[in-house]
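Colleague: Predicted coordinates and the sequence they were generated for:
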Amino acid sequence: IPTYPYDYEIENRTVLPLLFKDKIYRRILYRYVDRIATYSDDNEIWRIKTIKIHNGMASEGRLLEIADSDCDDIHIIAVSNLAFWHGYDRAVKGLYQYYQTGGKRNFILHIVGDGSEKGRLEQLADSCKLRKHVLFYGRKNKDELDQIYKICRMGFDSLGRFRSRVTFNSSLKSKEYLFKGLLIVTAVNSELDKYENLPFYHKVPANESPIDFYEIERFYDSIYPRKDELIFRRSIVEFGENNFSFEKVMKPIIDYINSE
């Protein structure tokens, strides 16, 4: 179960009958299932013990090339299927407040992906007159996405998971950001909170408030510019490889199977 609970993720009412069936049959699932692998922090789901795992990625074995850019500009990427729980409207509203209150830095938010929220986000960016600061790409293949990653130093993870009543989430996008050597900003608790003093990881409030881009600016400036950027970014990638490779994240499941 990649996201738990998931009942409040329903956006299309045509799938409500499936949810009703799910709610009926999940009550007897314990008769047939030995364990549930979950990205959540639950010890038990529907009377079934869990195996807690994390989202992971296959290592590419190299650091993505970094495009030359002015460190005074702050390029941020947000990759998702753009559902309401990603909360990127909070980022757009935060940028609007930042510039309305005299913010001077040139933030560029690169939003990659399609989904139910894309049109609404575009309308919001238009109404806030932010289209030169908020860029929309739609779906991109790996090579196209890497070209965008090359110019970014920071990634926005989910900023609105509280909307779907999820308090702990192991997102795939945060692992992708790690493997690209990016700073990570999130509004949801995750396994990264279990590590102390991660310099590349920053939490923002899990509520409807616009993202404070003065705070984002301070976080970014605490890291960049730096002469050893390649070394620093390589350390982020190595952290990802050491903790979130497929071999690492699947080990609890393999150990359980081997113990039976």
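Modeller: Cool, the structure landed.
Colleague: which residue ends up closest to the midpoint of this protein in space?
Modeller: By Cα atoms, centre = their mean, the chain has its centre lying nearest to Asp157, at 2.6 Å.
Colleague: what sits against that one?
Modeller: By Cβ atoms under 8 Å, 6 or more residues apart in numbering, the contact list for Asp157 reads Ser171, Lys173, Ser174, Tyr177, Ile184, Val185, Thr186, Ala187, Val188, Ser190. (C-beta placed from N, C-alpha, C; glycine too.)
Colleague: again, but for Gly94
Modeller: Contacts of Gly94 by Cβ under 8 Å, 6+ apart are Pro210, Ile211, Asp212, Phe213, Ile216.
Colleague: list the contacts for the third one?
Modeller: Right, the one you point to is Asp212. Counting by Cβ under 8 Å, 6+ apart, the residues that Asp212 touches are Gly94, Val204.
Colleague: And the one 10 residues further on, by the same measure?
Modeller: By Cβ under 8 Å, 6+ apart, the contact set of Ser222 is Pro199.
Colleague: which one among the contacts of Gly94 gets closest to Asp89?
Modeller: Distance to Asp89 across the contacts of Gly94 (Cβ to Cβ) is lowest for Pro210, with 8.8 Å.
Colleague: just the helices in this protein please.
Modeller: For the chain, the helices defined by DSSP state H occupy 16-25, 88-100, 118-127, 142-149, 172-179, 213-221, 229-244, 246-259.
Colleague: Which one, of those helices, ends up nearest to Asp41?
Modeller: Of all the helices of the chain, helix 246-259 sits nearest to Asp41, with 13.6 Å by Cβ to Cβ.
Colleague: Pull out the buried residues from that closest one.
Modeller: Buried residues in helix 246-259, counted by 16 or more other Cβ atoms under 10 Å: Val249, Pro252.
Colleague: which strands and helices sit next to that helix?
Modeller: The helices and strands touching helix 246-259, judged by 3 or more Cβ pairs under 8 Å, 6 or more residues apart in numbering; DSSP states H and E, are strand 48-52.
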